[in-house]
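Got a predicted structure plus its sequence, pasted below:
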Amino acid sequence: MNILILGSGGREHAFAWKLSQSKKLNKLFIAPGNAGTSGCGTNVPIAVTDFEAIKKFVIDNTINMVVVGPEDPLVKGIHDYFLADEQLRNISVIGPEKEGAQLEGSKDFSKQFMMRHGIPTARYETFTKDTLNKGLKFLETLQPPYVLKADGLAAGKGVVIPNTLEEAQKELNEMLANAKFGNASAKVVIEEFLKGIELSVFVLTDGNSYKILPAAKDYKRIGEGDTGLNTGGMGAVSPVPFADAAFIKKVEERIIIPTINGLKQEGIIYKGFIFIGLMNVNGNPYVIEYNVRMGDPETEVVIPRIKSDLLDLFEGVANGNLNEKSFELDDRFATTVMLVAGGYPEEYKKGDIITGLETVKDSIVFHAGTAQLPTPNSQPQIATNGGRVIAITSYGNTMEEALRKSFTNAEIIQYQGKYYRGDIGKDLKSYFSLS
Ligand code: AMP
Ligand code: GLY
């Protein structure tokens, strides 16, 4: 099989790392990829939403399967584009069609979907510019903090959680009347604040059967103790100690099965990942959000815990026989610590040389924002090329053991302005106090 992965982050490096271990793989390409993915396959300089360039590349290189990493091409309809094209129709795409991608592309769509199928989620209402005054009044009926969500994709910035009514009303006004997030905030979902502890559950589905992948917890804020600005994610751990078998069973019965059945009932063909962001409220799961792709950096701990051949599983997704595929997990813990550029998630520098990569022991280095510098006469040099630079993943029989390895290597890898959170997993330690 010849495969093209779309994307350029740690998630795509983790996919590339895993797929390159498959006996079924012939050639692997990553568009556009990063300095890490070029060690698993060939990078091609094509943007993930340049469908015409992707089409040409897929045909010229007899690609059999396209694995879509980020949400953007899915929400823009890359799968539909393939199905509508005579030459592309028979090429498998891992990722839902446009309609299914609305689960992430529109918060209002996903809330309505959950309501239709009795899936537990926070109480909510949706407002537009025309109903702004109703929205301001609705806020008065809620208790702080207030949760306001831009309906459309807003580069991970569309959720705002103000603490006071005054701030919440100002924010709603900004989003609806002043188009704070452009067209993405033409509609705003206001919902009840759920108090609990967050985690993510990942599902791979062919539209009928499904595999529940390992659950993970990520660390979203830039500062230790989960303070400061939101980021794409600063680290992750899997498994999640408070998500025991009984909790996952509740997730399966109350959320996963109704989601898959709901999609089927509505005639939405869904082949790909469903990332379910959950709040554990006193032992009961509530959906915070759906994403139609894997998480980043969650993928960097979830994929290493899958022992089975990922390409074989993807074939099951494409051919509709996922239920026949073997699915074995690694019982060990996996942790990842994200090294980021100084200043991230605000302004940061690119182009700083990264050293120490070759001395890393006992961890897997997944590149995120890195690039290989053109140095024809010497050893290739790798430089920072994004806010999130490198994810350091480690295995351990305990979470502590895995974290120790990731933190040791976080000190070995060097570049100017390097920053990482030293408290990844710390909040979970109390769950192990009896063991
Ligand atoms: P997102 O930007 O969509 O990943 O979501 C941002 C974050 O907002 C989530 O990870 C949660 O921490 C938080 N959040 C979203 N909805 C709620 C809610 N209803 N109650 C409490 N926290 C929420
Ligand atoms: N780490 C969160 C996300 O990928 O959306």
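Noted; the coordinates are in hand. Numbers count the residues shown, from 1 in each chain. Ligands and ions are numbered 1, 2, ... in the order given.

Helix, strand or coil: sort out residue 200 for me.
Under DSSP: H, G, I helix; E, B strand; the rest coil, the three-state class of residue 200 is strand.

What residues does the protein have near ligand 1?
Contact residues, the chain versus ligand 1 (C-beta under 6 Å from any ligand atom): 122, 147, 156, 159, 161, 191, 193-194, 198, 220, 277, 288-289. Just so you know, the C-beta spots here come from the backbone N, C-alpha and C atoms, and that holds for glycine as well.

Turn the residues you listed into TSV, including secondary structure, neighbour count and pLDDT.
Compiled in TSV, those are given as follows (DSSP: H, G, I helix; E, B strand; the rest coil; neighbours: other C-beta atoms under 10 Å; pLDDT from 0 to 100):
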residue	secondary structure	neighbour count	pLDDT
122	coil	18	95
147	strand	19	94
156	coil	12	73
159	strand	16	90
161	coil	15	92
191	strand	20	95
193	coil	13	96
194	coil	18	96
198	strand	14	94
220	coil	14	93
277	strand	16	97
288	strand	20	97
289	strand	17	96
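
Out of those residues, which comes closest to residue 357?
Among those, residue 220 lies closest to residue 357 (C-beta to C-beta), at 26.2 Å.

ok but residue 100 is inside a helix, no?
Yes: per three-state DSSP, residue 100 lies within a helix segment.

how far away is it from residue 93?
When distance is defined by C-beta to C-beta, to the nearest Å, residue 100 is 12 Å away from residue 93.

for the stretch 251-400 of the chain, what are the low-confidence residue spans?
In the prediction, the stretch 251-400 of the chain carries residues with pLDDT under 70 at positions 376-378.

OK, now which residue of it is nearest to ligand 2?
Here the residue of the stretch 251-400 of the chain nearest ligand 2 is residue 295; by C-beta to the nearest ligand atom that distance is 3.5 Å.

Could you dump the residues of the chain next to ligand 1 into TSV with distance to ligand 2 added?
Listed next are those as TSV, based on distance: C-beta to the nearest ligand atom, whole Å:
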residue	distance to ligand 2
122	18
147	17
156	7
159	11
161	16
191	18
193	19
194	17
198	10
220	7
277	8
288	11
289	8
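
which stretches of the stretch 1-150 of the chain form strands?
3-7, 28-32, 42-43, 65-68, 92-94, 124-128, 147-150 (DSSP state E, counting those that start in this stretch).

cool, the stretch 301-435 of the chain as well?
Along the stretch 301-435 of the chain, counting by DSSP E, counting those that start in this stretch, strands occupy 333-340, 364-367, 370-373, 381-384, 388-396.

Including mean neighbour count and distance to residue 224, could these go into TSV?
Output for the strands of the stretch 301-435 of the chain, formatted as TSV (neighbours: other C-beta atoms under 10 Å; distance: least, C-beta to C-beta, whole Å):
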stretch	mean neighbour count	distance to residue 224
strand 333-340	28	12
strand 364-367	26	22
strand 370-373	20	24
strand 381-384	20	22
strand 388-396	26	17
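
would you turn those into JSON lines with distance to ligand 2?
Formatted as JSON lines, the strands of the stretch 301-435 of the chain follow (distance: least, C-beta to the nearest ligand atom, whole Å):
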{"stretch": "strand 333-340", "distance to ligand 2": "10"}
{"stretch": "strand 364-367", "distance to ligand 2": "14"}
{"stretch": "strand 370-373", "distance to ligand 2": "18"}
{"stretch": "strand 381-384", "distance to ligand 2": "20"}
{"stretch": "strand 388-396", "distance to ligand 2": "10"}
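
how about CSV for the ones you listed, with distance to residue 229 added?
Output for those, formatted as CSV (distance: least, C-beta to C-beta, whole Å):
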stretch, distance to residue 229
strand 333-340, 12
strand 364-367, 23
strand 370-373, 22
strand 381-384, 19
strand 388-396, 13
